[in-house]
Structure formats: C-alpha cells, structure tokens
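> Need coordinates for the below:
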Amino acid sequence: MPTWQDDVRIKGYRIETTVELAVYRRIERICPRMVRVMVHPPVRESAVQARADFGLYVRGKPTLYLEVVGTVTRDGRSVSEDAEALRDAIEERLLRYVGTAPVEVLHIDEVCDPATLTTRLGQTFPRAQGL
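Next up is the predicted model:
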C-alpha cells in the first residue's frame, strides 16, 4: 500500500492492501442492514487459527466469508511475476475453507471494475442471508 495508507485500520483491524480497502468501501455502501460485516474474523470450525478477509454475519452468526485475491484474475492469470510467486500462498489460504465454511472469492479484475464488484457483492448478500 502507499505509505500514506500504511496504517489504514477499520474496526481495529489493519487493512493490508488497496484491493481489500476497495472491497470494504463497496461493502459499506451496499450492505443490507441485516448483514453485519466483520474485518479479518476468525474462520469458524477451522482446524488452524485462520482469519478471513471479511465475514458476513446474519443474526449474530457468521454465514459467509469473503476472500480477496488481489493478485490473480478470474481466469487464473497472475498480474505480475511477483504475484505468481504468491500463488501457492493464495491456494493454501483458500484451502482453509474446505469443509468448514462457505466462501466467496473476489479476484482483482472483479474488484477493479466497480460495476462487476457491485454485482458480485449484490449476489453475495442474499446468499449470506439464506445460509
């Protein structure tokens, strides 16, 4: 993140990338009242202590998690050589959800297109409410 954003905190948690910050700002704009958003909540039922990028809570219970993959596009391409080096870490991070919790993955190309991001999040909120 640029140095002027080095210490961006939301609800006491440090936002680590501008991509996460963009997602959070969009969530705050369009989130229905009955859905509460948590930043970096622990993943329920996870065998290891893992945290999601965002959690959507309905009636006080975590119902859906959001992971922001800010270096890989929807078609699986890395945005740079440095990003390609992070691929294993991204895949490992996503594996923590297998069998534990529903998760939506938001890719960088979805986040960088405000209309697509709004559409994806708009589909995510009803899913969270229905679980």
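
> which strands and helices sit next to whichever strand or helix holds Q123?
Assigned by DSSP states H and E, Q123 falls within helix 114-130. In terms of contacts (3 or more C-beta pairs under 8 Å, 6 or more residues apart in numbering; DSSP states H and E), helix 114-130 is packed against helix 18-30, strand 35-39, strand 54-58, strand 61-69, strand 103-107, helix 108-111. C-beta: built from backbone N, CA, C; applies to glycine.

> helices or strands next to the fifth one in the packing?
It refers to strand 103-107. With contacts defined as 3+ C-beta pairs under 8 Å, 6+ apart, strand 103-107 has these neighbours: strand 61-69, helix 114-130.

> would you put the C-alpha positions of the shortest one in PDB?
Only the C-alpha atoms of strand 61-69 are listed here, as PDB (Å, rounded to 0.1, in the frame of the first residue of the first chain):
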ATOM      1  CA  LYS A  61     -23.700 -15.800  13.300                       C
ATOM      2  CA  PRO A  62     -21.000 -16.000  10.600                       C
ATOM      3  CA  THR A  63     -22.700 -17.100   7.500                       C
ATOM      4  CA  LEU A  64     -20.300 -16.400   4.600                       C
ATOM      5  CA  TYR A  65     -16.700 -15.300   4.300                       C
ATOM      6  CA  LEU A  66     -15.100 -13.200   1.600                       C
ATOM      7  CA  GLU A  67     -11.500 -13.700   0.400                       C
ATOM      8  CA  VAL A  68      -9.900 -11.000  -1.800                       C
ATOM      9  CA  VAL A  69      -7.400 -12.400  -4.200                       C
END
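
> what residues does the helix holding Q123 touch?
Applying C-beta atoms under 8 Å, 6 or more residues apart in numbering, the contact partners of helix 114-130 are 22-23, 26-27, 30-32, 34-35, 56, 58, 63-64, 66, 102, 104, 106, 109-111.

> What subset of those is buried?
22-23, 26-27, 31, 35, 56, 58, 63-64, 66, 104, 106, 109-111 (16 or more other C-beta atoms under 10 Å).

> Since that was my last question, I'll sign off now.
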